[in-house]
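[1] Let me see the structure of the following:
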Amino acid sequence: MTTTGNAPILVGVDGSDSALRATAWAALAAARRHAPLLLVATLPGPAPYGAGVGIPDRFFVDLETEGRRRLAEAAETAKQAGGETATLEIRTEFHIGGPIPVLRERAREARLLVLGTRGLGELTGTFVGSVAVALVAHAPCPVTVVRGRTPGAEPPREGPVVVGVDGSPLSAAALGAAFEEAALRRTRLVAVHAWSDAALSASAGFSPGELPWAEIETAEQVVLAERLAGWRERYPDVPVDRIVTRDRPVRSLLHEAEHAQLLVVGSRGRGGFSGLLLGSTSNALVHSAPCPLLIVRPGAG
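    Below is the predicted model of the structure:
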């Protein structure tokens with residue numbers, strides 16, 4: 001996630017508990033990088049057909065008052081996030097408009113966009129709100145969705161960084177981001193390379209029982225070692241655990257993330273279609289990861 005200049009870490013603020021948890025997480029991430037924290041709140045104005053028609057001036061004053069209140073609450077949360085945030089530079093912005101277009105535009109100058117799982121106006125039974133889903137797919141920078149082990153829980157702050165590795169270009173970018181995160185957090189990295197019977201059987205034209213599993217596993221171990229080699233030289237102080245497993249990527253990553261403080265993936269994997277905004281693995285993890293999920297997008301970071 002290294003960017004040119006001191007780009008901010010951007011957080012969408014809406015007054016919800018989920019957004020405040022995301023703010024605290026982002027404050028620590030910004031402090032580790034000596035980067036500014038940019039808190040952005042939005043509130044919708046009048047519908048287009050009613051704009052300027054009978055709208056009292058007080059309406060816009062009340063909107064801004066509420067937006068500033070939410071920003072002040074989030075700024076205080078950021079200050080209280082931990083000792084590392086004592087000298088954190090906190091910026092705030094209030095916009096009248098929809099959160100998706102506003103945050104997409106502000107994310108053009110950010111190194112990372114951080115979001116909660118649900119906003120104030122969304123059903124508490126949903127796993128991830130519509131704003132988070134849309135921005136994960138469309139934001140021009142890496143996105144972190146801050147999740148806990150259970151809905152409404154605080155995100156974990158201990159454990160390794162887990163990254164999915166499949167050999168795709170975005171997987172390589174995700175690997176770089178994961179090494180950086182592990183180094184900043186002074187923790188170990190768990191690199192997971194998963195492959196399944198179904199995928200290999202289909203591509204090779206064999207039934208699962210006919211495939212040379214020992215040879216395949218050796219080859220997959222080599223693939224993972226090659227992907228890690230350059231990054232291990234760049235981050236020699238980061239301990240690395242390598243996991244090669246004959247399983248579906250989502251299931252393998254969820255298993256390893258159970259005790260992790262961060263899960264990192266690319267937005268599309270090796271088998272993803274180039275026209276898709278999110279691959280099946282990253283899309284599933286947005287809704288089910290047991291810890292904060294960092295998604296690296298094409299050209300982001």
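
[2] any idea how far the helix or strand harbouring Leu39 is from the chain center?
    Here Leu39, judged by DSSP states H and E, is contained in strand 37-43. Using CA atoms, centre = their mean, to the nearest Å, the mean C-alpha position of strand 37-43 is found 17 Å from that of the whole chain.

[3] Note down every partner strand of that strand and its orientation.
    strand 9-13 (parallel), strand 90-96 (parallel) (DSSP bridges).

[4] contacting residues around Thr92?
    By CB atoms under 8 Å, 6 or more residues apart in numbering, the contact set of Thr92 is 38-41, 68, 71-72, 74-75. For glycine as for every other residue, the C-beta is placed from the backbone atoms N, C-alpha and C.

[5] Skip the chain neighbours and tell me the closest residue to Tyr235.
    The shortest distance from Tyr235 to any non-neighbouring residue, by CB to CB, 6 or more residues apart in numbering, is to Phe179 (4.6 Å).

[6] can you check Arg188 too?
    Using CB to CB, 6+ apart, the closest residue to Arg188 is Pro239 (4.1 Å).

[7] So what's the model's average confidence on stretch 43-58?
    Mean per-residue pLDDT for stretch 43-58: 68.

[8] Correction: the previous question concerned stretch 140-156.
    93.

[9] Am I right that Leu263 is in a strand?
    Yes. Under DSSP: H, G, I helix; E, B strand; the rest coil, Leu263 falls within a strand.

[10] related to what we said a few turns ago, tell me, how many neighbours does the residue nearest to Tyr235 end up with?
    For Phe179, the neighbour count with other CB atoms under 10 Å is 23.

[11] quick one, what contacts it?
    Applying CB under 8 Å, 6+ apart to Phe179 gives the contacts 189, 231, 234-235, 238.

[12] Now with 10 Å, please.
    By CB atoms under 10 Å, 6 or more residues apart in numbering, Phe179 lies in contact with 161, 163, 189, 191, 228, 230-232, 234-235, 238, 240, 264.

[13] What of Leu262?
    Shown in contact with Leu262 (CB under 10 Å, 6+ apart): 25, 29, 144, 146, 155-157, 159-163, 177-178, 181-182, 185, 187, 189, 289, 291-294.

[14] again with Val265
    Per CB under 10 Å, 6+ apart, neighbours of Val265: 162-166, 170-171, 174, 177-178, 192, 249-250, 253, 279, 281-282, 285-286, 289, 293-296.

[15] This protein: helices as residue ranges?
    17-33, 57-79, 99-106, 130-138, 169-185, 197-204, 213-234, 249-257, 280-288 (DSSP state H).

[16] which one of those is the most hemmed in?
    Mean neighbour count (mean count of other CB atoms under 10 Å) peaks for helix 17-33 among the helices of the chain, with a mean of 23.

[17] what about that helix, average pLDDT?
    For helix 17-33, mean pLDDT is 95.

[18] What angle do helix 169-185 and that helix make with each other?
    Angle of helix 17-33 versus helix 169-185, following axes from the mean of the first three to the mean of the last three CA atoms, to 10 degrees, is 80 degrees.

[19] Show me what helix 17-33 is packed against.
    strand 9-13, strand 37-43, helix 57-79, strand 90-96, strand 112-115, helix 130-138, strand 143-145, helix 169-185 (3 or more CB pairs under 10 Å, 6 or more residues apart in numbering; DSSP states H and E).

[20] so Leu115 makes contact with Ser130?
    No. Using CB atoms under 10 Å, Leu115 is not in contact with Ser130; the gap is 11.4 Å.

[21] quick revisit: closest to Ala139 among the contacts of Phe179?
    Val264 (15.6 Å; CB to CB).
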